[in-house]
Every structure is written in structure tokens, then in C-alpha cells.
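Q: got a sequence here, can you build the structure:
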Amino acid sequence: MIHGVPALVRQVARAARQAGVFPGVRAVLVGGDAIPADLAREVREAFPRARLHFLYGPTETTIYCCHEEWDEAA
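A: Okay, here's the model as predicted:
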């Protein structure tokens, strides 16, 4: 599982795709800031088996008040 803000998740996804690492990632949780559409595509390319979750809540804590799983088919 990877959990981070969009900027960090983007860096991890790019590094993972270039190095071919983390093939077993099954979940990516992104929150704390706006999530660009192109980031969802990058995550999907880097971690094709992972479920992608968008989270929203107060950034001062680890509490999330909203959650949406990204579904490419929707």
C-alpha cells in the first residue's frame, strides 16, 4: 500500500515505473491536495494491480471525511 499527497505519489509512481519496482502494490491512497487526472493515469501505469483511492479530510490530521475509489471504466 502507498499512501501520500499527490506530489509524493507522483514521484513514487514515476520512480517505480522507471525501475520496475513495487509490482505487488495493491492499493494507492492519495489525499491532502487536489488530485490531477494525469496522476491517476500515472498511478495506473506504475501499479496496474492497485486500487486507487482518493481521500479528502482536514490536512492537520490523518482523519478523512470523504473517500472515492477511482474506477477507470466509470
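
Q: make it CA atoms for all contacts and neighbour counts henceforth
A: OK.

Q: what's the spacing between the worst-scoring helix or strand of the chain on mean pLDDT and its chain's center?
A: Within the chain, judged by mean pLDDT, DSSP states H and E, the helix or strand with the poorest mean is strand 66-70; its value is a mean of 74. Average the C-alpha atoms of strand 66-70, do the same for its chain, and the two points are 11 Å apart (C-alpha atoms, centre = their mean, to the nearest Å).

Q: what sits up against it?
A: A40, R51, L52, H53, F54, L55, Y56, G57 (C-alpha atoms under 8 Å, 6 or more residues apart in numbering).

Q: can you pull the buried residues of the top helix by length along the chain?
A: Ranked by number of residues, the top helix in the chain under DSSP state H is helix 6-19. By neighbour count, with 16 or more other C-alpha atoms under 10 Å as the criterion, the buried positions of helix 6-19 are P6, V9, R10, V12, A13, A16, R17.
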